[in-house]
Structure formats: structure tokens, C-alpha cells
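Q: Here you go, sequence then predicted model.
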Amino acid sequence: MSVSDWLMVGLIGQAIFSGRFVVQWLCSERRHRSSMPMAFWYLSILGAVVLLGYAVHLRDPVFIVGQTGGLLIYARNVHLRWQEAGRA
């Protein structure tokens, strides 16, 4: 892939990742309380995976560590929510 293709991957990943805040804000406004919908966590994972791919391409260890750490946390939150739903 060309440099401009990779730049587009990075921008798309960042847009997905940033979109999770819009989803969380709209959900909280609708419920009139702070809320983290599952879509927030799914967008977090998707955005982190795309950005991690971009970071690996750039060979940026700081960016790689940051996205990997976040990805683990997002996946754990999804797992906890699935467990919670299974008990309900």
C-alpha cells in the first residue's frame, strides 16, 4: 500500500475511534444519565484494531503499546458485559 493509503487507514481508524464518543454522548443524553452502550465498546475495539495496524505499519512503539493496552481493556469490558447479560 502507498503512503497515502496508509494515511487513509489511520484517518479512518481515528474517525471510528472518535465516533464512539458521539455514540456515548447521544446515549447519555437520551437516558438523561451517563451511559456506556455496547456500541461504544465495539467502536473502541474496531478503532483500536485499525489504529494498531497503522501503528505497526509506522513501527511506532509508543503508539503500538498505547493501542494494544487500550484494546485489552475494551475487550475485557465487552467480556464483562456479555457475562452480565448471561446472568440476567
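A: Received it, and whenever you're ready, just let me know what you need. Numbering: from 1, shown residues only.

Q: averaged over its residues, what pLDDT does the longest helix seen in the chain have?
A: Taking DSSP state H as the criterion, the chain has its longest helix at helix 3-31. The pLDDT scores in helix 3-31 average 91.

Q: what's the answer for stretch 57-67, then?
A: For stretch 57-67, the per-residue pLDDT averages 94.

Q: Could you list the buried residues of the longest helix of the chain?
A: 9-10, 13, 16-17, 19-20, 23-24, 27 (16 or more other C-beta atoms under 10 Å). (Glycine included, C-beta is placed from N, CA and C.)

Q: what's that helix packed up against?
A: Identification of packing neighbours for helix 3-31 by 3 or more C-beta pairs under 8 Å, 6 or more residues apart in numbering; DSSP states H and E yields helix 38-58.

Q: Flag every buried residue along the helix it packs on.
A: Result for helix 38-58 [16+ other C-beta under 10 Å]: buried residues 40-41, 43-52, 54-55.

Q: What's the first helix or strand after that helix?
A: helix 61-87 (DSSP states H and E).

Q: and the angle for that following helix with helix 38-58?
A: 150 degrees (axes from the mean of the first three to the mean of the last three C-alpha atoms, to 10 degrees).

Q: What is helix 61-87 packed up against?
A: helix 38-58.

Q: rewinding a little: for residue 69, state which of the buried residues of helix 38-58 is nearest.
A: Using C-beta to C-beta, residue 48 is the member of these that lies nearest residue 69, at 9.4 Å.
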